[in-house]
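**Q** missing the sequence, but the structure's below:
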């Protein structure tokens, strides 16, 4: 990577503030100016019933699948508050590298991380191809995709879903961001889920939406990119993998393209 390629570039990060530390550090190391504008808020579930049941059922399970870092933080935080230790029984799968890293921070080894960091990648793995009669717990948030649950159920598994957190739209004030846009200090926007993009699109209002038409957007996955083009915006840059490294690689590719087109 060219260390100075992102120098002085204003990069909007739309993740929840608590999940921005690593990406902010990576950008600052390259001279970029991260602009934090959380477009989603992660909260505890309305009740812990499904999580508590799942945690107590773990010793009888064949697999425990975690869909995100948020699922890890809330499910294992709840386990700690209940005085429960992770059992030896179930094998553990993580949807991506960041989720696996979060599990490692809790001292839990991960048996399966797909090469393609996505639900589709997990479903393509040999380990989850033949799950007839297997018992699986899926730790996830509300309003998430149902692909894993539906497909594993179709393959004959008994899937229990634990709703670990809920997503809401934060009351972020877009005015400072719009002012930065007007001053030419905003060069690119990163979005890491379809819901985050849709919230961001709503929060910035009509003026921000017009500016977005000529602002490069970096999407963490093809699915997120589809949300961008669905509202009529240009095709975004897509990260080669769903991780901080992937986002950074896409930003570097975008910045490189600027250098190549500048006389």
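**A** Yep, it's here. Quantities reported herein were computed from a predicted structural model and do not represent experimental measurements.
**Q** how deep is the closest residue in space to residue 85 that isn't next to it in sequence tucked in, by neighbour count?
**A** What sits nearest to residue 85 in space, not counting adjacent residues and going by C-beta to C-beta, 6 or more residues apart in numbering, is residue 79, at 7.7 Å. From N, CA and C alone the C-beta is placed, and that goes for glycine too. Neighbour count for residue 79, taken as other C-beta atoms under 10 Å: 19.
**Q** ditto for residue 167
**A** So residue 167, with other C-beta under 10 Å, has 18 neighbours.
**Q** what's the answer for the one 4 residues further on, then?
**A** Per other C-beta under 10 Å, the neighbour tally for residue 171 reads 7.
**Q** quickly note the distance from it to residue 40.
**A** Residue 171 sits 12 Å away from residue 40, going by C-beta to C-beta, to the nearest Å.
**Q** ok, now which ones touch residue 235?
**A** Listed by C-beta atoms under 8 Å, 6 or more residues apart in numbering, the contact set of residue 235 reads 225, 228-229.
**Q** can you pick the most crowded of those?
**A** Going by other C-beta under 10 Å, residue 228 tops these with 24 neighbours.
**Q** now do the buried residues in the helix or strand hosting the residue nearest to residue 85.
**A** Using DSSP states H and E, the element containing residue 79 is helix 69-81. Residues of helix 69-81 classed as buried: 69-76, 78-79 (neighbour count, 16 or more other C-beta atoms under 10 Å).
**Q** and the helix ranked longest in the chain, average pLDDT?
**A** If you go by DSSP state H, the chain has its longest helix at helix 244-261. In this model, helix 244-261 has an average pLDDT of 89.
**Q** and for stretch 128-136?
**A** Regarding stretch 128-136, the rounded mean pLDDT is 95.
**Q** and the nearest residue to residue 40 once chain neighbours are set aside, how many neighbours?
**A** Distances taken as C-beta to C-beta, 6+ apart put residue 196 closest to residue 40, at 5.0 Å, once the chain neighbours are dropped. Residue neighbour count, defined by other C-beta under 10 Å, stands at 22 for residue 196.
**Q** output the contacting helices and strands for the strand or helix carrying residue 196.
**A** Secondary structure assigned from DSSP H and E places residue 196 in helix 194-203. For helix 194-203, the packing partners by 3 or more C-beta pairs under 8 Å, 6 or more residues apart in numbering; DSSP states H and E come out as strand 188-191, helix 205-212, helix 222-230.
**Q** for residue 232, what are its contacts?
**A** By C-beta under 8 Å, 6+ apart, residue 232 has no neighbours at all.
**Q** mind checking the SS state of it?
**A** Assigned with DSSP: H, G, I helix; E, B strand; the rest coil, residue 232 falls in the coil class.
**Q** again with residue 108
**A** What three-state DSSP gives for residue 108 is coil.
**Q** got a list of what the residue lying closest to it once chain neighbours are set aside touches?
**A** Leaving out its chain neighbours, the residue that sits closest to residue 108 by C-beta to C-beta, 6+ apart is residue 86, at 5.5 Å. Going by C-beta under 8 Å, 6+ apart, residue 86 touches 58, 76, 79, 106-108.
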